[in-house]
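# Just need the structure, nothing else, for what follows:
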Amino acid sequence: MKFLRLTLIACIITFQCVESQEQYKPDWESIKNYEAPEWYEDAKIGFWVHWGVYSVPAYKGDHAAEWYGRWMYSQKGQSSRNNQGLATHLHHNKVYGPPEEFGYKDFIPMFKAENFNADNWADLCVKGGAKFFTMMGAHHDAFCLWDTKLSKWNSVNMGPKRDLVGEVAKAVRKRGLKFGVSNHTAWNPIFFQWNHINRYDATNKEYQDLYGNPILQKSADTLRMEEDETRKSWLKKSRWDENYIRPSERDMNRWLARTKELADMYKPDLYYFDWGFNSQLWESRRKQFGAFYYNNAIEAGKGAYGKPNVVLNYKGTRTWVEGGAVRDYERGGDDDIAKYVWQTDDCVYADHNWGYVEGTPIKPTNNIVDQLMDIISKRGVLMLSFAPKPDGTFPEEQKTMMYELGAWLNICGEAVYNTRPYKIFGEKPDEELKRNETGNVEHVGTSKDIRFTRNKKDNILYATVLDWPGEKLVVKSLKDLDIKNIKKVTLLGVTKRLKYKMTNGGLEIKMPKKPRYGMAYPIKIEFKNKIAG
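Reported below is the predicted structural model:
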């Protein structure tokens with residue numbers, strides 16, 4: 001009886017503590033009281049997937065496979081970048097028939113995920129060295145991969161007939177990983193704009209929960225009556241400009257309800273958003289969700305006001321209050337050490353494409369390692385996306401990348417995990433790194449590229465050279481170090497101590513035989529006391 005009374009008292013005290021905790025309010029003054037969790041800044045790398053209905057046609061045309069549902073409805077002149085959507089439209093007509101006869105919705109029964117195994121995914125994540133896994137909740141197409149009660153267009157009712165988000169959440173958490181969700185649905189009504197403008201199957205109200213219910217400022221009939229140049233100008237603007245096509249109140253309310261539901265059902269440690277909710281139209285809903293997500297984490301026992309212990313991602317400088325969440329850069333990053341921890345989201349594919357396409361080459365693992373070291377030297381975190389097949393299995397070359405990345409991290413991970421930036425991010429050659437067709441830097445490091453990280457005790461410095469330097473490495477930026485404070489110098493993966501000396505050019509280190517791991521090479525400099533400077 002005494003035990004029962006003590007238990008009851010403990011429950012009451014716990015309940016009162018939870019009730020008395022300060023809660024976030026849906027305004028920026030409240031939301032800016034946020035600190036990113038230590039687990040996230042320690043993690044450094046997480047995996048992610050682009051997987052859904054678009055994985056069935058698996059055709060990128062002149063743009064991206066995950067945008068198939070947008071471009072299949074676009075006609076000539078209805079996309080920027082030299083008609084980038086037309087190839088997909090023509091492909092769809094040839095392979096599946098006209099969009100009015102075979103719409104995007106008709107791919108859903110073909111998305112079966114018949115070989116999907118969440119435990120296998122989680123094991124690959126562990127083998128790849130990732131510390132968190134972000135599951136696609138829904139892309140722009142708004143087909144939900146969770147057991148939503150707010151739309152029939154979900155993977156439990158249709159297609160796979162499984163709660164894909166729920167299965168992945170359980171599997172990755174069982175292995176001690178953090179779990180995130182990805183939600184791109186704010187752009188859904190604009191994503192399907194050509195379906196609406198050209199009056200394909202989006203005109204059927206039965207499909208509004210899939211295709212959205214946007215407000216069109218000009219009808220297709222009006223467009224056809226206008227002169228070509230005027231029409232072309234409007235079509236170019238209408239890709240982004242919400243004065244021409246914009247989400248309805250119903251669309252935005254639907255987004256908020258589903259977004260909250262996804263957070264409430266699976267309690268994700270990370271919630272990623274694309275740029276679809278960046279405009280002023282979404283301001284109030286952004287604030288409502290921010291407060292909801294942080295409060296939901298507090299109520300779940302994850303953290304407290306100011307430190308809810310979860311990550312919310314946003315893009316751009318005007319979308320969120322600075323410091324009130326974690327800024328994300330798509331295929332990019334900060335140029336120097338940042339005030340706040342930030343994130344790069346990138347893909348194993350090198351161009352615009354993110355969804356599975358058979359035969360599309362992926363980046364060399366070495367490039368990913370170089371990119372990772374550059375990001376973390378500036379206080380960033382890498383979230384790397386993979387592209388499973390529609391049946392739920394990963395292509396062999398993507399699995400090989402995971403194994404190679406994991407093998408490198410198994411040897412060199414102490415220069416990555418649980419580290420913090422040094423006073424400078426590193427050294428780089430004078431010439432600018434190569435940029436790809438998306439305008440982003442391709443991280444192909446040289447022997448002149450060095451990136452610094454340090455342990456949290458501040459007595460070990462890692463100088464990671466991105467390509468093998470040969471017989472010696474000269475670290476110019478360490479020329480002012482007190483060499484007497486150095487305890488020893490080693491190369492990760494090699495037990496032998498390295499000889500070193502201070503020269504006018506910098507700290508000169510005699511290198512051993514090149515190790516077999518063959519990617520970025522972390523030099524570990526241990527100090528007797530704290531790192532000078």
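
# The stretch 1-150 of the chain: helices as residue ranges?
Under the criterion DSSP state H, counting those that start in this stretch, the stretch 1-150 of the chain contains helices at 2-20, 28-31, 38-43, 68-71, 80-83, 86-95, 118-127.

# right, and I424 touches V475 too?
No - with contact defined as CB atoms under 8 Å, I424 does not count as touching V475 (11.2 Å). Heads up, the C-betas are built off the backbone N, CA and C, glycines and all.

# Comparing these two, which shows the higher neighbour count?
Neighbour count, other CB atoms under 10 Å: between I424 and V475, V475 has more, with 23 against 15.

# per-residue confidence at the more buried one?
Looking at V475, its pLDDT reads 98.

# who does it bridge with?
Beta-bridge partners for V475, by DSSP bridges, are L507.

# measure it to M519 for me?
With distances taken as CB to CB, to the nearest Å, V475 is found 19 Å from M519.

# Kindly report the same for V310.
Per CB to CB, V310 is found 32 Å from M519.

# And the two? Which one has more around it.
V310 (28 against 24).

# Q288: what's its closest spatial neighbour, skipping adjacent residues?
Excluding the flanking residues, the one nearest Q288 by CB to CB, 6 or more residues apart in numbering is P26, at 4.7 Å.

# Contact partners for the one you found?
Listed by CB atoms under 8 Å, 6 or more residues apart in numbering, the contact set of P26 reads S284, K287, Q288, G290, A291, F292.

# what's the nearest residue to the fourth one if we skip its chain neighbours?
Counting by CB to CB, 6+ apart, the nearest residue to G290 once its immediate chain neighbours are dropped is I31, at 4.7 Å.

# how about low-confidence regions in the stretch 151-300 of the chain?
Counting by pLDDT under 70, the stretch 151-300 of the chain shows low-confidence ranges at 218-243.

# could you redo the last one with a cut-off of 90?
Residue ranges of the stretch 151-300 of the chain with pLDDT under 90: 216-245.

# which residues in it form helices?
So, for the stretch 151-300 of the chain - with DSSP H, counting those that start in this stretch - the helices run 164-174, 188-191, 193-197, 208-211, 220-225, 228-238, 249-266, 283-299.

# Mind listing the residues bridging to the residue nearest to the spatial centre of the chain?
By CA atoms, centre = their mean, the chain has its centre lying nearest to D345, at 3.8 Å. Judged by DSSP bridges, the bridge partners of D345 are E330, M383.

# mind checking how far it is from M136?
Plainly put, D345 is 12 Å away from M136 if you go by CB to CB.

# ditto for P98
P98 sits 29 Å away from M136, going by CB to CB.

# Same question for A169.
From A169 to M136 the distance is 12 Å (CB to CB).

# do N183 as well
In terms of CB to CB, N183 sits 9 Å off from M136.

# just N367 next, same as before
To M136, N367 is 24 Å away according to CB to CB.

# Please say which of those two ends up with more neighbours.
Higher neighbour count among N367 and M136: M136, with 24 against 18, using other CB under 10 Å.

# Is the more buried one in contact with S182, as I believe?
Yes - counting by CB under 8 Å, M136 touches S182, with 5.0 Å between them.

# what sits against D346?
Residues near D346 by CB under 8 Å, 6+ apart: E330, R331, Q371, L382, M383, L384, S385.

# Specify which member of these is nearest to T464.
Q371 (12.3 Å; CB to CB).

# Is the closest one within a helix or a strand, and which one?
Here Q371 sits within helix 365-376, counting by DSSP states H and E.

# So which elements touch that helix?
strand 342-347, strand 380-386, helix 396-412, strand 450-455 (3 or more CB pairs under 8 Å, 6 or more residues apart in numbering; DSSP states H and E).

# Any idea which of those gets closest to K127?
Among those, the nearest to K127 by CB to CB is helix 396-412 (4.7 Å).

# Now do the following helix or strand past that closest one: which elements does it pack against?
Once the chain leaves helix 396-412, the next helix or strand it forms, by DSSP H and E, is strand 419-420. Contacts defined by 3+ CB pairs under 8 Å, 6+ apart place strand 419-420 against strand 450-455.

# what's the angle from the strand it packs on to helix 365-376?
60 degrees (axes from the mean of the first three to the mean of the last three CA atoms, to 10 degrees).

# The next helix or strand after strand 450-455: partners in the sheet, and parallel or antiparallel?
On the C-terminal side of strand 450-455, the closest following helix or strand by DSSP H and E is strand 460-465. Here strand 460-465 has these sheet partners by DSSP bridges: strand 450-455 (antiparallel), strand 521-527 (antiparallel).

# who touches both of M136 and S182?
With CB under 8 Å, 6+ apart, M136 and S182 have common neighbours W48.

# so where's the stretch 1-150 of the chain shaky on pLDDT?
1-21, 77-82.

# Make sure T490 is indeed in a strand.
Yes - judged by DSSP: H, G, I helix; E, B strand; the rest coil, T490 forms part of a strand.

# list the contacts for it?
Contacts of T490 (CB under 8 Å, 6+ apart): K496, R497, L498, I523, K524, E526.

# Check those residues for burial and list the buried ones.
With neighbours counted by 16 or more other CB atoms under 10 Å, the contacts of T490 contain buried members at L498, I523, K524.

# Leaving out the residues flanking it, which one is nearest to the first one?
I take that to be L498. V489 (4.6 Å).

# Next up, the contacts around the one you found.
V489 neighbours (CB under 8 Å, 6+ apart): R497, L498, K499, Y500, I509, I523, K524, I525, E526.

# what bridges to it?
I525.

# Could you measure from it over to P268?
V489 is 42 Å from P268, by CB to CB.

# Isn't L491 up against K524?
Yes - if you go by CB under 8 Å, L491 and K524 touch, sitting 7.3 Å apart.

# A strand includes K501, no?
Yes - counting by three-state DSSP, K501 is located in a strand.

# and it, what is it in contact with?
I483, L507, E508.

# Tell me the confidence at it?
Confidence score, pLDDT, at K501: 97.

# Please apply the same query to V444.
At V444, the pLDDT recorded in the model is 70.

# re earlier: ok, so of the contacts of K501, who is nearest L466?
The closest of these, once distances to L466 are taken by CB to CB, is L507, at 17.4 Å.

# Need the per-residue pLDDT for that closest one.
For L507, the model assigns a pLDDT of 98.

# ok, it - how many residues close by?
23.

# can you check P361 too?
The burial count for P361: 10, using other CB under 10 Å.
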